[in-house]
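J.: 3D, please:
(2 chains)
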Amino acid sequence: MNKFVVLVLMAILSQFNVVSAEIISVAPEYEQRYKHILSELRCLVCQNQTVAESSSGLANDLRIEVKEMLERGATDQEILTFMSDRYGDFVLYNPPIKPRTFLLWIGPFLLLVGGIIFALILVKRRAKNITDNQLSEHEKQRLKDLLDEKNNQEDKNKE
Amino acid sequence: MIRFLIPVLIFLVLTGFLFVGLYKDPSLVPSPLIGKPVPIFAASTLRDAEKIITNNDIQGDYALVNVWATWCAACKQEHAVLVYFAEKLQVPIYGLNYKDDRASAINWLQQYGDPYVVNIFDESGRIGIDFGVYGAPETFLVDRNGIIQHKLVGIMTPDVWEKQFSPKIQQITSKVTK
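T.: Numbering: from 1, shown residues only, chains lettered A, B, ... in the order given. Modelled structure (predicted):
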């Protein structure tokens, strides 16, 4: 019984540990761009979160930085470049296409093309097998002879 | 035979990738600042709020810039190593006191020793952003022209020093004498 109570308590308490990112108020005219830019940036402290979601101190500083850059009239691209100049392409959830990232961008398509080629080869080979398996005139005759012979023998046995 | 070999080959390649991945630390992000000059900054020094320090004050045949804070547990771990480097090896270490409280930082240096030539006091973390700091402690190696040559994210140890810093320092200081 005690264990059950503990379990229920744990379940309830676990609902309270949601830490949300500190909210920084932005002028309404910037809000949409602000949200968009933050969702494009990876937080380097907790790498599977965007800067918009993360509650880390660094993410908070970066949110302030983005806000102030917007207010100074920076373009979205300028802000993203500012971030990747300091933290590398890794901060961008949408990395630029360049030699280092070719495989990342093209890889899925290569796999798709490879898969299609593989499937085509399989299908062709199977189709070829079916036609190959058809008997030639000579073979058909031989099959008929063999069957006849067998039938004749069986008939004889019955007699 | 080929029919049998292809899956084995694919398996081996995949295993190879995963095996290499096993020894990589995903939290280490290559710094785009390597090969670039130290970011431009001007801030007060830690010990004297009236005194201004800028990127031009980082001088010498080579220098380390060490990012630290009193709230950073790992910084305490490496601190003794830094003190040893400064005292025994005469390594010039510039501190970047990152998002910290001035009084507690000064107190820390009095308590555990002060390996730093001087400390840049970066209360807001702005200079840290320009350095691409994302996890203290971090240590940068700067050459005499103010170009960043290497970056360590994590704790400085004698082993790291021997393997990563010593060879680089020899490289950049030998160029000078030639």
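J.: any idea how far whichever helix in chain A runs longest is from the chain center?
T.: If you go by DSSP state H, chain A has its longest helix at helix A:102-132. Computed by CA atoms, centre = their mean, to the nearest Å, the chain-centroid distance of helix A:102-132 equals 20 Å.
J.: And the next helix or strand past the worst-scoring helix or strand of chain A on mean pLDDT?
T.: When each helix and strand of chain A is scored by mean pLDDT, DSSP states H and E, helix A:2-13 comes last, with a mean of 80. Later in the chain than helix A:2-13, the nearest helix or strand by DSSP states H and E is helix A:28-40.
J.: Can you read off the pLDDT for residue 109?
T.: All of this is about chain A. You'll see A:Phe109 listed with a pLDDT of 93.
J.: I was after chain B.
T.: 93.
J.: ditto for A:Val113
T.: 95.
J.: and it, how far is that from chain B?
T.: 16 Å (CB to the nearest CB, to the nearest Å). For the C-beta atoms, the positions are set from N, CA and C on the backbone; glycine is no exception.
J.: What is the neighbour count of that residue?
T.: A:Val113 has 11 neighbours, counted by other CB atoms under 10 Å in any protein chain shown.
J.: now swap in B:Tyr112 and tell me
T.: B:Tyr112: 15 surrounding residues under other CB under 10 Å.
J.: Which residue, other than its chain neighbours, is closest to it?
T.: Closest residue in space to B:Tyr112, ignoring its immediate chain neighbours: B:His79 at 5.3 Å, by CB to CB, 6 or more residues apart in numbering or on different chains.
J.: ok, now how distant is B:Trp161 from A:Asp148?
T.: Distance of B:Trp161 to A:Asp148, given as CB to CB, to the nearest Å: 93 Å.
J.: Can you name the residues in contact with the helix or strand harbouring A:Asn157?
T.: Here A:Asn157, judged by DSSP H and E, is contained in helix A:137-158. Outside helix A:137-158, the residues that touch it by CB atoms under 8 Å, 6 or more residues apart in numbering or on different chains are A:Leu135.
J.: re the thing from before, of B:Trp161 and A:Asp148, which one has the most company?
T.: B:Trp161 (19 against 10).
J.: correct me, but the more buried one touches B:Phe85?
T.: Yes - applying CB atoms under 8 Å, one finds B:Trp161 in contact with B:Phe85, separated by 7.2 Å.
J.: low-scoring stretches of chain A, by residue?
T.: A:1, A:15-22, A:159 (pLDDT under 70).
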